[in-house]
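# Here is a sequence with its predicted model. Questions after.
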Amino acid sequence: MVVTGADPVKDRRVDAETERLPSVLVIVTLRARSSPSRRMTKVTLSPSISCWYSMMSLGSRPFTLTNSSPTAKSTLEAGESMEIEEIRAPDTRPAYEESQFVITRLDFVNVDKVVLAAPRGFCAGVEKAIKALDWMTRVFAPPVFCYHEIVHNQFVVDYFKSLGVVFIDDVTLVPPGAPVMLSAHGSPPEVIEAARQSGGTVIDAVCPLVTKVHHELKVRARKGYTVLYVGHQGHEEAVGTMAVAPQSVHLIESTEDIDALGTFAGPFALLSQTTLSLDEWQDLREYAEAKFPDIWMPNRSDLCFATTNRQAALRTIAAEADAVIVIGSANSSNTVALTKVAEAVGCARVLRVNGAFELPDDLRGTVAVTAGASAPESLVNEVLDALNPTEGVTITSVTVEDEYFPPPPELREMLKTLSALLDLALGTPAASSFDGEADRRFTAAEVLSAANR
Ligand code: SF4
């Protein structure tokens, strides 16, 4: 695959000669007697029949196919199919014993060209949250509890489940003394308090940009403002933010919600969820300003840098594309916002997919690709492989993100204490500070690389 342009997301220039496509892309359906509903999503066969696969629940890892059928072949042509008796990951028991793997589809999508947006994928807040939960799984024996999905991406959540993390939506389910992590979206004050009351270690992975909105709401409420909060009903971030001052805040999802406010004496303030579509936010801001001319709002909107950067990058490429692929989960607000941006600039076909296994096979021409702030780059790579553009991939970058959020303070303190105890035991000088440079260099992609092996 030919890739042109510097890619700030990967921080390297991709050499076309070193990027080779797998020889055959196969979409298979898994029909396992023990688990008939599980669907195997993608298999790539090499001529040696040593393969790797992506599975909804297991991530990607190398595996070996076994096929004793007399008609078994080591390579397949597009459109051919064969039955596979067993899939075995190296050094492990068979991934699915007594299972039948029936290849139902065998083709590349074969579009002409891919235009890849930059920035895309993981933001600094998601990096921080994934790395923090990774630390929790290293320091504590399972189960580690996590209030809500750590970030809204199934691949990430499934990876942590495989390490023994238990995701809960009710913090009272945490057993006394068990370690708890609170998700990146921010939690209501009463949830934080209940988690602390459970008696175990509590680490709050809230993104600092969400905390900033919590603070704005707290201050405006204290000063007697009526706060209009633009957000999505039921989204964890909106729920957590509004719980900071429920008596002073009104959720706004439409102009009708503003009309329905009735008559308040004011003063008024306008805040928002960090991950909205810029167009959606601007429409509601203008409407609110027309209705309440003195309404207070922050100097910069609450939409975060990651949200606006990803939308700006997609806006530059979506209009010219025959289709836009947005990689990310349906419950990811910034992912859904990206689909709205692509639709707003007039792209005729906008698809949100969880991964390559959801790509339709009738994509043609130029396809623009981006990923929400909680979608791993490994999923982007799989989509590019599946699209297999005959004219290669062009990267369009609007800015380079170098934001970095350090780990939650409670985690830094815990790591410092553990390090000091270790030094005491070994008789070496005690660590006095957290190594921020080392943490900055370590990425969430490295954390997840275990899921890709
Ligand atoms: Fe923070 Fe924005 Fe990322 Fe959300 S999308 S975690 S607010 S940087």
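Yes, it's here. Numbering: from 1, shown residues only.

# The stretch 101-250 of the chain: strands as residue ranges?
Remark: strands assigned in the stretch 101-250 of the chain by DSSP state E, counting those that start in this stretch are 113-118, 144-147, 165-168, 180-182, 202-204, 226-230, 249-252.

# Which residue does this protein have closest to the ligand?
In the chain, the residue that lies nearest the ligand is residue 125 (2.4 Å; CB to the nearest ligand atom). Placement of C-beta: from N, CA and C, glycine included.

# that older thread, reformat the strands of the stretch 101-250 of the chain as TSV; add distance to the ligand and mean neighbour count.
Output for these, formatted as TSV (distance: least, CB to the nearest ligand atom, whole Å; neighbours: other CB atoms under 10 Å):
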stretch	distance to the ligand	mean neighbour count
strand 113-118	15	24
strand 144-147	15	25
strand 165-168	17	16
strand 180-182	13	27
strand 202-204	13	24
strand 226-230	14	23
strand 249-252	18	20
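
# For those, could you give me TSV that also reports mean pLDDT?
Putting the strands of the stretch 101-250 of the chain into TSV (pLDDT from 0 to 100) gives the following:
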stretch	mean pLDDT
strand 113-118	97
strand 144-147	97
strand 165-168	97
strand 180-182	98
strand 202-204	97
strand 226-230	97
strand 249-252	97
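
# So which elements touch the helix or strand where residue 258 lies?
Using DSSP states H and E, residue 258 sits within helix 255-259. Contact here means 3 or more CB pairs under 8 Å, 6 or more residues apart in numbering; DSSP states H and E; on that basis helix 255-259 packs against strand 249-252, helix 278-291.

# out of these, deepest packed?
strand 249-252 (a mean of 20; mean count of other CB atoms under 10 Å).

# related to what we said a few turns ago, for the helix or strand following the helix holding residue 258, name the packing helices and strands.
Scanning forward in sequence from helix 255-259, with DSSP H and E defining helices and strands, the next element found is strand 268-272. Contacts defined by 3+ CB pairs under 8 Å, 6+ apart place strand 268-272 against helix 208-222, strand 226-230, helix 278-291.

# Kindly recompute the last result at 6 Å.
helix 208-222, strand 226-230 (3 or more CB pairs under 6 Å, 6 or more residues apart in numbering; DSSP states H and E).

# These: which one's closest to residue 263?
With CB to CB, the closest approach to residue 263 among those belongs to strand 226-230: 10.5 Å.

# I'd like to check the angle between the closest one and strand 268-272, please.
20 degrees (axes from the mean of the first three to the mean of the last three CA atoms, to 10 degrees).

# which outside residues touch strand 226-230?
For strand 226-230, contacts defined as CB atoms under 6 Å, 6 or more residues apart in numbering pick out 217, 220, 242, 248-252, 264, 268-272, 284, 288.

# So which of the helices and strands packed on strand 268-272 is the most surrounded?
strand 226-230 (a mean of 23).

# Quickly run through the sheet partners of that strand, with directions.
Based on DSSP bridges, the pairing partners of strand 226-230 within the sheet are strand 249-252 (parallel), strand 268-272 (parallel).

# Dump those into JSON lines; add distance to residue 199 as well.
Putting the strands paired with strand 226-230 into JSON lines (distance: least, CB to CB, whole Å) gives the following:
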{"stretch": "strand 249-252", "distance to residue 199": "31"}
{"stretch": "strand 268-272", "distance to residue 199": "34"}
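
# follow-up on the earlier one: looking at the helices and strands packed on strand 268-272, which is nearest to residue 317?
Across the helices and strands packed on strand 268-272, closest to residue 317 is helix 208-222 (CB to CB), at 25.4 Å.

# so for that closest one, what's the average pLDDT?
Averaging pLDDT along helix 208-222 gives 98.

# how big is the angle separating the helix or strand where residue 379 lies from strand 113-118?
Using DSSP H and E, residue 379 sits in helix 377-387. Counting by the same axes, to 10 degrees, helix 377-387 points 170 degrees away from the direction of strand 113-118.

# Give the buried residues for helix 377-387.
Across helix 377-387, burial judged by 16 or more other CB atoms under 10 Å covers 377-380, 382-387.

# report the angle between the axes of the following helix or strand past it and strand 113-118?
Downstream of helix 377-387, the next assigned helix or strand under DSSP H and E is strand 393-397. Going by the same axes, to 10 degrees, strand 393-397 is angled at 30 degrees with respect to strand 113-118.

# So which elements touch whichever strand or helix holds residue 314?
Using DSSP H and E, residue 314 sits within helix 305-318. For helix 305-318, the contact count by 3+ CB pairs under 6 Å, 6+ apart identifies strand 113-118, helix 333-344, strand 366-371 as packing neighbours.

# Out of the ones you listed, indicate the one that is most buried.
Highest mean neighbour count among those (mean count of other CB under 10 Å): strand 366-371, a mean of 26.

# Relative to the whole chain's centre, how far out is it?
Between the centre of strand 366-371 and the centre of its chain there are 17 Å (CA atoms, centre = their mean, to the nearest Å).

# What is that strand packed up against?
strand 113-118, helix 305-318, strand 323-327.

# taking the mean pLDDT, what do you get for the shortest one?
Going back to what we said before, that points to strand 323-327. Computed over strand 323-327, the average pLDDT equals 98.

# now it: how far from the chain's centre is it?
15 Å.

# do stretch 440-453 as well
13 Å.
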